[in-house]
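> Build me a structure from this.
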Amino acid sequence: MCSSDLNVQLTPKQIDPQADGLNFNGGATWSERPTVTFTPLQGAQFTTQLLSPIPNDTLVLLSQTGWGIDRLMQVCVQFINDVGNAGSATGPTPPEPLRFQQINELAARLWRLQKSGLWAISHNQQRVPILWFREPADPDNPLVEDIAVARRMLQLPEGTNEFPVSAFPYKRRVGEIGLRCRTLLGVMFYLSQGVEAPPEHAKKGLVGVTKLPDGEPFDWNQVLGNMLHVRSGADKPSDAFVSVPYRGHWFWIEDADRESKTTFNLLNLLFWLQSASSQGKSPLLTLPVGGP
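Reported below is the predicted structural model:
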């Protein structure tokens, strides 16, 4: 059973997006100190949050705390202006391949700009999310092309480098960024394409298969890249970061697969943030006083 309060020990290693140790389990309680405590939603409230789009503010928060916009966009974003992100992948496995090339190209370009301090998504003084560019001092900098292509893909006008971000539904205005994030359930459907299904499960029709026009299976690695790879096999793995048995097979993320581990940690964070009570209860940091 899940307790009403969940106490999670957070260490610097766990907060680091590249770290290995951010763990979440709704059915357990940690009582180490210091702790961060929040009250998970239950019942209809939890279902509503599971099916509600991730707030744009969450995307801003994660971007401002060290998470790469490439991973955030590929995992969380459904649409940004007219650039879609494999829309039908947020439900049961689609029978046909989806469009994903534009969002992957845009995410890669924005990540290069983000690393160089030439792009960010943040809040202005009115707490409105804004997306902004900064021109490099050297006009021959190769990142100038990334800025130009990103602006063109998002249909952004010249003359300004700051653009307010609004959530869907919205009325498109010149110089406005319309951003719609996936639901948490949609994120899990999308990332499920990174699970390596046992061949016998596919033969029995236990998993959906996306096929090309010639009938050959579509390679979802084209969409996910190396962002998440969940392996499977008959035997319990000896080098797993996380593992779980299911239908006579083991499924796991390899301990040496840092990209998959980072995405798994991101999913944990999204689950944590999205499932926290929306009744004005932010996560509470508790520091120890005196001895243990």
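> and Phe100, what is it in contact with?
Going by C-beta atoms under 8 Å, 6 or more residues apart in numbering, Phe100 touches 85-86, 222-223. C-beta coordinates here come from the backbone N, C-alpha and C atoms, glycine included.
> Cross these against helices and list the overlap.
Among the contacts of Phe100, the ones falling in helices (DSSP state H) are 222-223.
> and Phe79, that one's in a strand?
Yes. According to DSSP: H, G, I helix; E, B strand; the rest coil, the state of Phe79 is that of a strand.
> Look up which residues are beta-bridged to it.
Per DSSP bridges, the residues bridged to Phe79 are Gly84, Arg180.
> pLDDT wise, what is it at?
Note on Phe79: pLDDT of 88.
> Tell me how far the residue nearest the centre of the chain lies from Pro53.
What sits nearest the mean C-alpha location of the chain, by C-alpha atoms, centre = their mean, is Val75, with 3.7 Å. Distance, Val75 to Pro53, by C-beta to C-beta, to the nearest Å: 13 Å.
> Identify the contacts common to the two.
Arg182.
> what about Leu185, distance to Ile80?
Counting by C-beta to C-beta, the separation of Leu185 from Ile80 is 20 Å.
> Over to Gln101?
Here the criterion is C-beta to C-beta. By it, Gln101 lies 14 Å from Ile80.
> So those two - more neighbours on which side?
Comparing Gln101 with Ile80 by other C-beta atoms under 10 Å, the one with more neighbours is Ile80, at 23 against 10.
> How about the more buried one, nearest residue that isn't a chain neighbour?
Excluding its sequence neighbours, the residue lying closest to Ile80 (C-beta to C-beta, 6 or more residues apart in numbering) is Leu179, at 5.2 Å.
> what about that neighbour, neighbour count?
Burial of Leu179 is recorded as 24 neighbouring residues (other C-beta under 10 Å).
> so it touches Asn56, yeah?
Yes. Look at Leu179 against Asn56 with C-beta atoms under 8 Å: they come within range, at 5.5 Å.
> Model confidence at Pro164, what's the number?
At Pro164, pLDDT is 92.
> which one is Phe144 nearest to, not counting chain neighbours?
Slight slip there: residue 144 is Val, not Phe. Nearest to Val144 is Pro136, by C-beta to C-beta, 6+ apart, at 6.2 Å.
> Verify the contact between Leu118 and Pro136 for me.
Yes. Here Leu118 lies in contact with Pro136, judged by C-beta under 8 Å, at a distance of 6.1 Å.
> any common contacting residues for Leu179 and Asn56?
Each of 129, 165-167 lies in contact with both Leu179 and Asn56 under the rule C-beta under 8 Å, 6+ apart.
> Dump these into JSON lines; add distance to Val174, neighbour count and secondary structure as well.
Output for the shared contacts of Leu179 and Asn56, formatted as JSON lines (distance: C-beta to C-beta, whole Å; neighbours: other C-beta atoms under 10 Å; DSSP: H, G, I helix; E, B strand; the rest coil):
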{"residue": "Pro129", "distance to Val174": "18", "neighbour count": "21", "secondary structure": "strand"}
{"residue": "Val165", "distance to Val174": "14", "neighbour count": "21", "secondary structure": "strand"}
{"residue": "Ser166", "distance to Val174": "13", "neighbour count": "18", "secondary structure": "strand"}
{"residue": "Ala167", "distance to Val174": "18", "neighbour count": "14", "secondary structure": "strand"}
